[in-house]
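>>> What follows is a predicted protein model with its sequence.
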Amino acid sequence: MGYTGGSQPDPTYEQLGDHTESFQLDYDPARISYETLLEWFWKEADPTERPYSRQYMAAVFYADETQKRWALATAKQAMAGRRGPMLLPILPLGTFHRAEDYHQKYYLRRYTDLMREFSGYNEREFEDSTVAMWLNACVGGYLKREELEAEVERLGLPEAERQHVLKLGKAALAHRRR
Amino acid sequence: MKPAGHVETPTSRLLPVDAMAPTRVETATFSLG
């Protein structure tokens, strides 16, 4: 999680300036393509919606010309059949300022027993952790029941933590669907 | 006694899934409002 798109040198959550709250995904291009990530993005973002504010706007920040081409091509597909102009910004990525620690893996941080699994990690390792990413999604209620069970198996957690994640994930999922 | 030339392999502090993370990654940046 972080802030980008603006000109203020050292943005913080309290002093965001002209930046936008945003997130970065590190991915293995051998397993998933940027195009696929964009397809997922366009399912979540309406390209014709006027941005609510600079702080809270949906946008694609491209890192190079290849990403820009994919962003524009998939935007065109996302616009198919819609009325009105495309309002969602597709912008060059400038400096990405990482957000404060407490914004990283926000849901997971509530659970001290699960956080104990990362006691040997420094903050950067925790932020980049695939396990932490999945656990955050699990306890945030972002995984379907079958995905939740499969992921919890794969992460190789001790039994007590495994059961706790399943319980939390099912409750969070039910809450999100309400 | 350890044989000459023995190199101690440090035990990873990372969980196995993280220790096996791919070394080559690319980065995508989005915001969702």
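Done, it's in. Worth saying up front: this structure is predicted, and the values here are computed from it rather than measured. Numbers count the residues shown, from 1 in each chain, chains lettered A, B, ... in the order given.
>>> count of residues packed around the closest residue to chain B within chain A?
Residue of chain A nearest chain B, by Cβ to the nearest Cβ: A:G120 (3.3 Å). No exception for glycine: its C-beta is placed from N, CA and C like everyone else's. A:G120: 12 surrounding residues under other Cβ atoms under 10 Å in any protein chain shown.
>>> Just give the nearest non-adjacent residue to it, would you?
With Cβ to Cβ, 6 or more residues apart in numbering or on different chains as the criterion, A:G120 has its nearest non-adjacent residue at 3.3 Å, and that residue is B:R13.
>>> Quick check, pLDDT for the residue of chain B found nearest chain A.
In chain B, the residue that lies nearest chain A is B:R13 (3.3 Å; Cβ to the nearest Cβ). Model confidence at B:R13, given as pLDDT, is 83.
>>> just the one 4 residues further on next, same as before
The confidence metric pLDDT takes the value 90 at B:V17.
>>> CA-only coordinates of the least confident helix or strand in chain B by mean pLDDT in CSV, if you can.
Across the helices and strands of chain B, mean confidence by mean pLDDT, DSSP states H and E is lowest for helix B:16-19: a mean of 90. Provided in CSV are the C-alpha atoms of helix B:16-19 (Å, rounded to 0.1, in the frame of the first residue of the first chain):
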residue,chain,number,x,y,z
PRO,B,16,8.7,-22.0,3.4
VAL,B,17,6.2,-20.4,0.9
ASP,B,18,8.1,-17.0,1.2
ALA,B,19,11.5,-18.7,1.1
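>>> which of the residues in the longest strand seen in chain A are buried?
Ranked by number of residues, the top strand in chain A under DSSP state E is strand A:20-27. For strand A:20-27, the neighbour count (16 or more other Cβ atoms under 10 Å in any protein chain shown) marks A:T20, A:E21, A:S22, A:F23, A:Q24, A:L25, A:Y27 as buried.
>>> and if you look at stretch A:151-162?
Neighbour count says stretch A:151-162 has A:E151, A:V152, A:L155, A:L157, A:E161 buried, by 16+ other Cβ under 10 Å.
>>> What of stretch A:161-178?
Per 16+ other Cβ under 10 Å, stretch A:161-178 contains these buried residues: A:E161, A:H164, A:V165, A:L166, A:L168, A:G169, A:K170, A:A172, A:L173.
>>> In CSV, list the C-alpha atoms belonging to it.
Extracted in CSV, the C-alpha atoms of stretch A:161-178 (Å, rounded to 0.1, in the frame of the first residue of the first chain):
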residue,chain,number,x,y,z
GLU,A,161,-3.4,-21.0,13.4
ARG,A,162,-4.9,-23.0,10.5
GLN,A,163,-8.1,-23.5,12.3
HIS,A,164,-8.2,-19.9,13.5
VAL,A,165,-7.7,-18.5,9.9
LEU,A,166,-10.5,-20.8,8.6
LYS,A,167,-12.8,-19.6,11.3
LEU,A,168,-11.9,-15.9,10.8
GLY,A,169,-12.1,-16.2,7.0
LYS,A,170,-15.5,-17.8,7.0
ALA,A,171,-16.9,-15.2,9.4
ALA,A,172,-15.3,-12.3,7.4
LEU,A,173,-16.7,-13.7,4.2
ALA,A,174,-20.2,-14.0,5.6
HIS,A,175,-19.9,-10.4,6.9
ARG,A,176,-18.8,-9.0,3.6
ARG,A,177,-21.7,-10.8,1.8
ARG,A,178,-24.3,-9.2,4.1
